[in-house]
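Q: Sequence plus predicted model, see below.
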Amino acid sequence: MTKPAGVLMRARQLRKDYGRGEALVRAVDDVDLDVANGEALAVMGPSGCGKSTLLHLLGGLDRPTSGELWLGKRRIDQLSERALAELRRHDVGFVFQAFHLMNELTAQENVELPALLAGRSPRQARRRARQLLDQVGLADRGGHLPSALSGGQRQRVAIARALVNEPRLVLADEPTGNLDSAATLEVLQLLETLHTGGLTLVVVTHDERIAATADRLITMRDGALVDETGLVGDTTRRG
Amino acid sequence: MNPVGKLMVIWRLATKDLLRAKTRTVLTVTVIAAATATLTLGLALSGATSDPYGRTRAATAGPDVLVQSNVPATGKNAPTAAPADLIALEHAPGVVGYSGPYPVATPSLVANGHAVSSQDGGFVVEGREQARALVDQPKVLEGTWVRPGAVVIESTYATELGVAPGDSIMLDGRSLRVVGVAVTAAWPSVNWPGILWLTEADARSLATPKYPLSYLLNLKLANPAAATAFANAHSMDNLSAFTWQQISHQDARGIELEQEALVIGTWLLSMLAIACIAVLVAGRMAEQARRSGLLKAVGGTPRLVAAVLLTGHLLVAFVAALIGLAVGWLVVPVLSKPDDGLIGSPGAPTLSGVTVAVVMAVAIGIAALSTFRPARRAARMSTVAALADAPRLPRRRPVVVVLSRWLPAPLLLGVRLVARRPRRLLLAAASTAVTVATVVAVLAFWQGNSVSGVPGGLTNPVVTAVSNVLVVVTVVLVILAAVNAVFMAWTTVLETRHSCAVARAFGATPEQVTVGLSAAQVLPAAIGALAGVPAGIGFYHLAKHGGTLVSPSVFSLTATLVATLLVIAALTAIPARLGGRRPAIEVLQSEVA
């Protein structure tokens, strides 16, 4: 099987089940999805519809029950845990709703960590972290612990951390879910800027303002894609 | 809430909690029971030393003072009769009875494959009349008393030689039949030359110009308590006097050494038990922060939360103390059995109220000491934070963060995660140091006693008994230390699960996390192990009350260190590996659930 040109991520018949027998829950139900290089894709839907699970499958944080998943020319749904770790290290960056920063590390040290894990020298990691903190507007907050930062600032640190290894794809799970309006706006603008710079982005969100900035919006219900809207360019419908 | 209702709630929650975490509960009971059983042994043995000698002394009309003439000048003109100074003591003031002087010969012995020279201090041969003596009549345990051409052997020495009535031995090339085995209160049965009895004529026949006879006189005093004063008053250049108290002390030394080993072992075990349970409780807290929050949310006061935790652990301590007392009570007769040279056995010592109270107090003390801080912390934790299962924020270690940048990824992770709890690192190092020190002390004990040895390649019964006690204590310590290492690793895994999950989300492999956590815990263990070597050598030096410093061989020390570190690496890797099997996203989602 070959992958169409320009498509960075491709999912076919992707399914994720939890439990078995009568307790079986199908969190992701036969999802077909292509994400183009440089595209910003928003995933919306009610709570519990499988958005986050889909995101975790796309990023190799979880394994599908069945189906195929491709990142570039590489099939990733059958990779070993070790290979998935390498994939997350080099090709994918995550932004979580709860930030998941390490509380005892400063903002800069949090951003450096994935770079050090990827084998960069401490000097390179430091330089790259400073550059990213500058890019997200936190150049003067690098020495602060997460507890000394606002919610918006923490999420910007988390975004910088997601970018530190120059991933091909950034996956964001409700990146503004824990933020107030002002902080949401900060993050929104940052994501927009990154996307404009060519970053491929998949964002799971409840926030229509974020969805509105995406190239394409897909809607999920009960684990399945029920609607797909091209917000920029072509528009198609499904389900 | 009325007091009865409150007590019922505390009891119900505490017992349900213990039953829910069965493995943890069983391990806690085991840890405290090991410490209390050892303590019971140490306390019970302290009262088991005097009776056997007293019974033997009564049954053999033991002397109050034993006087031995020094070996006279050798050569053709060596005297053959007892010196006049010795004979004069028979009628010294205060003496109410005597036996002897008996001739003492120093031949060579071949028995049961052992060749022993009495000149090396291996044994002596005492010539005795066939009739019953007024003072010091050894009690025959097997066979009969001396007769011409036959030998009776002191019971402990017969056991060491491996001979019994009916066997034959050779004295200076002359074959003699063993006709009896007897005990005496006039001659220490441990850490002293063995004693054989022949008829006086047979003993005299063993004298040679090179090895002439010396003489033994047994004295009974009007006031046995004044034996030391009598011995001091009549000590002369050519006579050596021994009091019954000195002989009793020498006989009791074996059990005293066992008791000392057990008491020291108890302290070490108690320290390890406290460390072990402190870690256990800390791990429990990491698991149960949310449970405490729920208790508070439904109206439980901070005191109630602390009371539930304390009650559970005190209950465990109580049960463990009962088990420890029972085990100690059953094992005491085995360890306190007097050597073969004494009559009777102290039997199963009754556990005095003081012993039971001390053991209970130690068990409850261990549980209370190790639970107090976490219980107080749980009680003080904010309900919201507890409900959110918010982990206790680790303190930032800037130096560790900066230095670890230069380490390979697994170590970078491990060092940063493990260094967040320095007190636990200290406990881990101390636990390893205590264990290695004990192992090294036992090795030094074996080394020291294999060097000094016993003439004829025989085994010193005291060495064997103390060695057995040390092995038991060491095995229990090693098991406790192993349990400790696993608990510490597991607690670290629980507490660092979020950070590990974040690291894995950003590309750390489960192997990197496992290796990192394990390696970071081996580092303090290595420091503890290195510190344990001089501590163990010093510990043995102190236990034997000075003398030459004995060190185990370099090979055995190296093997101990390498084995310790390999075992710790393996033991810490298991929980780290198990923790790493849980998907990272599951952990991250549970943190925000």
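A: Right, received. Where do you want to start?

Q: SS state for the residue of the stretch 401-550 of chain B found nearest chain A?
A: Nearest residue of the stretch 401-550 of chain B to chain A: B:Gly507, at 2.5 Å (Cβ to the nearest Cβ). From N, CA and C alone the C-beta is placed, and that goes for glycine too. Following DSSP: H, G, I helix; E, B strand; the rest coil, B:Gly507 is assigned to coil.

Q: Make sure it is actually in contact with A:Ala115.
A: No. Counting by Cβ atoms under 8 Å, B:Gly507 stays clear of A:Ala115, with 9.9 Å between them.

Q: Overlap of the contact sets of these two?
A: Shared contacts of B:Gly507 and A:Ala115, defined by Cβ atoms under 8 Å, 6 or more residues apart in numbering or on different chains, are found at A:Asn165.

Q: now B:Val473: how far from B:Ala35?
A: 11 Å (Cβ to Cβ, to the nearest Å).

Q: Residues that sit against both of those two, list them.
A: With Cβ under 8 Å, 6+ apart as the test, B:Val473 and B:Ala35 both reach B:Leu269.

Q: quick one, which of the two is more surrounded?
A: Comparing B:Val473 with B:Ala35 by other Cβ atoms under 10 Å in any protein chain shown, the one with more neighbours is B:Ala35, at 31 against 24.

Q: Off-centre distance for stretch A:101-108?
A: 20 Å (Cα atoms, centre = their mean, to the nearest Å).

Q: what's in contact with it?
A: A:109-110, A:113, A:126, A:129-130, A:133, A:138, A:141-147, A:149, A:153-154, A:157-158, A:161, B:393-397, B:401, B:416, B:420, B:499, B:502.

Q: Now, the residues you listed that are in helices?
A: A:109-110, A:113, A:126, A:129-130, A:133, A:153-154, A:157-158, A:161, B:401, B:416, B:499, B:502 (DSSP state H).

Q: what's around A:Gly152, how many residues?
A: 22.

Q: Tell me the secondary structure at the closest residue to it other than its chain neighbours.
A: Nearest residue to A:Gly152, sequence neighbours excluded (Cβ to Cβ, 6 or more residues apart in numbering or on different chains): A:Ala183, at 2.8 Å. Here A:Ala183 is recorded as helix under three-state DSSP.

Q: ok, A:Ala183 to chain B distance?
A: A:Ala183 is 17 Å from chain B, where distance means Cβ to the nearest Cβ, to the nearest Å.

Q: Would you check that that residue makes contact with A:Thr176?
A: Yes. Counting by Cβ under 8 Å, A:Ala183 does reach A:Thr176; the two are 7.3 Å apart.

Q: Can you say which of the contacts of stretch A:101-108 are buried?
A: Burial of these was assessed by neighbour count (16 or more other Cβ atoms under 10 Å in any protein chain shown); the buried members are A:109-110, A:113, A:126, A:129-130, A:133, A:138, A:141-142, A:144-146, A:149, A:153-154, A:157-158, A:161, B:394, B:397, B:401, B:416, B:420, B:499, B:502.

Q: Could I get the full set of strands for the chain?
A: All of this is about chain A. A:7-18, A:25-36, A:40-44, A:66-71, A:74-75, A:92-95, A:169-173, A:200-204, A:216-221, A:224-230 (DSSP state E).

Q: Wait, chain B was what I had in mind.
A: Using DSSP E, strands in chain B cover B:65-69, B:95-105, B:108-111, B:114-117, B:123-128, B:139-143, B:150-154, B:168-171, B:174-183, B:194-199, B:214-221, B:239-243.

Q: weakest of these by average pLDDT?
A: Per-stretch mean pLDDT for these is lowest at strand B:114-117 (a mean of 78).

Q: What separation do you get for the residue nearest to B:Val319 when sequence neighbours are not counted and chain A?
A: Sequence neighbours aside, B:Val29 is the residue nearest to B:Val319 in space, at 5.9 Å (criterion: Cβ to Cβ, 6+ apart). B:Val29 is 35 Å from chain A, where distance means Cβ to the nearest Cβ.

Q: tell me, how many neighbours does B:Ile364 end up with?
A: 17.

Q: Could you find the closest non-adjacent residue to it?
A: The nearest residue in space to B:Ile364 (Cβ to Cβ, 6+ apart) is B:Ala317, at 4.9 Å.

Q: OK, contacts around the one you found?
A: B:Ala317 makes contact with B:32, B:363-364, B:366-368 under the criterion Cβ under 8 Å, 6+ apart.

Q: Most neighbours among these, which one is it?
A: B:Ile32 (31 neighbours).

Q: For that residue, give me the pLDDT.
A: On the pLDDT scale, B:Ile32 gets 82.

Q: hang on, it packs against B:Leu325?
A: No. With contacts counted by Cβ under 8 Å, B:Ile32 stays clear of B:Leu325, the gap being 11.6 Å.

Q: and chain B, which residues reach chain A?
A: Contact residues (Cβ under 8 Å from any Cβ of the partner chain) of chain B with chain A: B:393-397, B:401, B:405-406, B:409, B:412-413, B:416, B:420, B:498-499, B:501-512, B:583-585, B:588-589, B:591-592.

Q: Now a PyMOL select for only the buried ones of those.
A: Filtering these down to the buried ones (16+ other Cβ under 10 Å) takes a single PyMOL command:
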select buried, chain B and resi 394+397+401+405+409+412+413+416+420+498+499+501+502+503+504+505+506+507+508+509+510+512+583+584+585+588+589+591
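
Q: hang on, the earlier thing: is it possible to get JSON lines of the strands of chain B that adds distance to B:Leu480 and mean neighbour count?
A: Shown next, in JSON lines, are those (distance: least, Cβ to Cβ, whole Å; neighbours: other Cβ atoms under 10 Å in any protein chain shown):
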{"stretch": "strand B:65-69", "distance to B:Leu480": "46", "mean neighbour count": "24"}
{"stretch": "strand B:95-105", "distance to B:Leu480": "50", "mean neighbour count": "22"}
{"stretch": "strand B:108-111", "distance to B:Leu480": "43", "mean neighbour count": "21"}
{"stretch": "strand B:114-117", "distance to B:Leu480": "40", "mean neighbour count": "18"}
{"stretch": "strand B:123-128", "distance to B:Leu480": "42", "mean neighbour count": "24"}
{"stretch": "strand B:139-143", "distance to B:Leu480": "41", "mean neighbour count": "16"}
{"stretch": "strand B:150-154", "distance to B:Leu480": "41", "mean neighbour count": "25"}
{"stretch": "strand B:168-171", "distance to B:Leu480": "47", "mean neighbour count": "18"}
{"stretch": "strand B:174-183", "distance to B:Leu480": "40", "mean neighbour count": "19"}
{"stretch": "strand B:194-199", "distance to B:Leu480": "39", "mean neighbour count": "24"}
{"stretch": "strand B:214-221", "distance to B:Leu480": "50", "mean neighbour count": "24"}
{"stretch": "strand B:239-243", "distance to B:Leu480": "43", "mean neighbour count": "19"}
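
Q: Enumerate every residue touching B:Leu18.
A: So B:Leu18 contacts B:25, B:312, B:315-316 (Cβ under 8 Å, 6+ apart).
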